[in-house]
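Enquirer: okay, sequence plus prediction incoming.
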Amino acid sequence: PNFPAKAKRVIYLFQSGAPSQMDLFDPKPLMEKQRGKDLPDSIRRGQRLTTMTSGQKNFPIAPSIFKFARRGKSGQWMSDVLPHLSKEADELCFIKSMHTEAINHDPAITFCQTGHQLAGRPSIGSWLSYGLGTENKDLPAYVVMTSWGTGRPNDQPLYDRLWGAGFLPTQHQGVKFRNSGDPVLYLSDPKGINREMRRGMLDEIASLNRKDRQVVGDPEIDSRISQYEMAFRMQIHANEAFDLKDEPKHVHDLYGTQPGKESFANNCLLARRLAERGVRYIQLFDWGWDSHGTGKQTAINLGFSDKCKQIDRPMYALLTDLKQRGLLDDTLVVWGGEFGRTPMAQGSGRDHHIKGFSIWMAGGGVKGGMSYGNTDELGYNAEEKVVHVRDLHATILHQLGIKAENFTYKFQGLDFRLTGVEDKAHVIKDILA
């Protein structure tokens, strides 16, 4: 680290498909007064639309159908669709002036994960694994888990490259853990193979690999040896970390978990268990947030509401659990999607929106019970204290003791960094405790 870190680890709750900020955290009273009216050109300013709404004859303003109230002692605005999370309002730091660059899912998710719209760059978890390593040699530094729930069945795919190491050594790529059975395929030895036999086999393979390394000089061979050793240690420790059955009943009741079933709730509890065990970066992807309003599963009043119910209690439980165990102070929790949704309607839903959306952060040296930045009166453009995705990346790195502009890796003659070289990324200092 370049300076003392406030956080030791990150849990990123990524909502793939992009949840609607104005139905969750960003109420706009003027939208109710302008209900059904066309969004003024002076607000849209010619912004590019997706092909799904570019053919609409008009763009009616659509205020939220949910009720908002001030929550917690800090009075944070939150809608009634997240009643459990609202209890932790004083731990949350809302950033309501986010903006990004790509309006379609794949490049936008890639940008959020790697700092670049094109595939091939290292993901943020890989950067942190490379820079800081792990606190637990028996588990990966970077773990990925996915959930679907009742989300849109044909939603955007989550490619393995989203947690890839890019040009960094491959030992820093994320390890995707499965939702059932062994956390990783073939983690259990086949019948007739014991630990001593497995150890002997790995020693022989490592000897051959080291000889190969001397001949061809490929550093990736070192990564291969390292990953074999990690897999050997994980055979014991990964299964133990993923066994939810040893959690007491009151913890399962808190999260709403069902061991053995794929769910965001299970993944949140597993994230806490991995945080306890020193995993550096824990990435949860929850699919199905693409609320275009083209069917029941993408309508704001149906599919979106169901998705909120599925994440509400587990998010509250995760923050509460981390806090009770003394882990929230040095665990940075981040929640958000690849962009936001439009203030105008698309059927019974909303289209993609890049000019102004919301995320939240908690713990890890970030101030709780506050909102930072704002969008205009119709929730379209981020206008006050605008935050770019690169600024979010720089802030995450900063909380782990890393100065973004100094954190580089030389590849093909260039000094690459997570936050890119196009524009300077700024740490959001006003939200730091």
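Expert: Done, it's in.
Enquirer: drop to CA atoms for contacts and neighbour counts, all remaining ones
Expert: Will do.
Enquirer: quick check: C93 is in a strand.
Expert: Yes - judged by DSSP: H, G, I helix; E, B strand; the rest coil, C93 forms part of a strand.
Enquirer: what confidence value was assigned to it?
Expert: C93 is assigned 98 on the pLDDT scale.
Enquirer: that one against I431, yeah?
Expert: Yes - counting by Cα atoms under 8 Å, C93 touches I431, with 7.3 Å between them.
Enquirer: joint contacts of those two?
Expert: V366, K367, M370, Y372 (Cα atoms under 8 Å, 6 or more residues apart in numbering).
Enquirer: how about the second one: what's its closest non-neighbour residue?
Expert: So the one you mean is K367. A433 (4.9 Å; Cα to Cα, 6 or more residues apart in numbering).
Enquirer: could you give the number of residues near the one you found?
Expert: 11 (other Cα atoms under 10 Å).
Enquirer: one more: G373?
Expert: 17.
Enquirer: contacting residues for it?
Expert: Taking Cα under 8 Å, 6+ apart, one finds I95, K96, S97, A382, E383, E384, K385, V386, V387 in contact with G373.
Enquirer: returning to that earlier point: ranking the shared contacts of C93 and I431 by neighbours, who comes first?
Expert: V366 (27 neighbours).
Enquirer: count the residues that sit near the nearest residue to it once chain neighbours are set aside.
Expert: Closest residue in space to V366, ignoring its immediate chain neighbours: L432 at 4.5 Å, by Cα to Cα, 6+ apart. For L432, the count of nearby residues is 17 (other Cα under 10 Å).
Enquirer: give me the contact list for the worst-scoring helix or strand of the chain on mean pLDDT.
Expert: For the chain, the helix or strand with the lowest mean confidence is helix 41-44, at a mean of 84 (criterion: mean pLDDT, DSSP states H and E). Identification of contacts with helix 41-44 by Cα under 8 Å, 6+ apart yields Y380, N381.
Enquirer: what do you get for stretch 224-232?
Expert: K137, D138, L139, P140, Q171, L187, R199, L202, A206, N209.
Enquirer: close enough to count as contact, the residue nearest to V366 and G364?
Expert: No - counting by Cα under 8 Å, L432 stays clear of G364, with 9.1 Å between them.
Enquirer: and the helix or strand harbouring A238, how far from the chain's centre?
Expert: Per DSSP states H and E, A238 falls inside helix 220-241. On the basis of Cα atoms, centre = their mean, to the nearest Å, helix 220-241 sits 24 Å off its chain's mean C-alpha point.
Enquirer: for the helix or strand just after it, buried residues please.
Expert: Using DSSP H and E, the helix or strand that follows helix 220-241 towards the C-terminus is helix 249-255. Across helix 249-255, burial judged by 16 or more other Cα atoms under 10 Å covers H252, L254, Y255.
Enquirer: can I get the residues you listed in a markdown table with pLDDT and distance to A231?
Expert: Listed next are the buried residues of helix 249-255 as a markdown table, based on pLDDT from 0 to 100; distance: Cα to Cα, whole Å:
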| residue | pLDDT | distance to A231 |
| --- | --- | --- |
| H252 | 97 | 29 |
| L254 | 98 | 32 |
| Y255 | 98 | 29 |
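Enquirer: now distance to S358 too, for these, in JSON lines please.
Expert: Putting the buried residues of helix 249-255 into JSON lines (distance: Cα to Cα, whole Å) gives the following:
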{"residue": "H252", "distance to S358": "30"}
{"residue": "L254", "distance to S358": "26"}
{"residue": "Y255", "distance to S358": "24"}
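Enquirer: show the contacting residues for F68.
Expert: P27, W77, M78, S79, D80.
Enquirer: what's the spacing between the nearest residue to the fourth one once chain neighbours are set aside and F25?
Expert: Beyond its immediate neighbours in the sequence, the residue positioned closest to S79 (Cα to Cα, 6+ apart) is F68, lying 4.1 Å away. When distances are taken as Cα to Cα, to the nearest Å, F68 and F25 turn out to be 8 Å apart.
Enquirer: joint contacts of these two?
Expert: Taking Cα under 8 Å, 6+ apart as the contact rule, F68 and F25 both touch W77, M78, S79.
Enquirer: which SSE is the residue in the chain sticking out farthest from the centre in?
Expert: The outermost residue of the chain relative to its centre, with distances by Cα atoms, centre = their mean, is V215 at 41.0 Å. Assigned by DSSP H and E, V215 belongs to helix 195-216.
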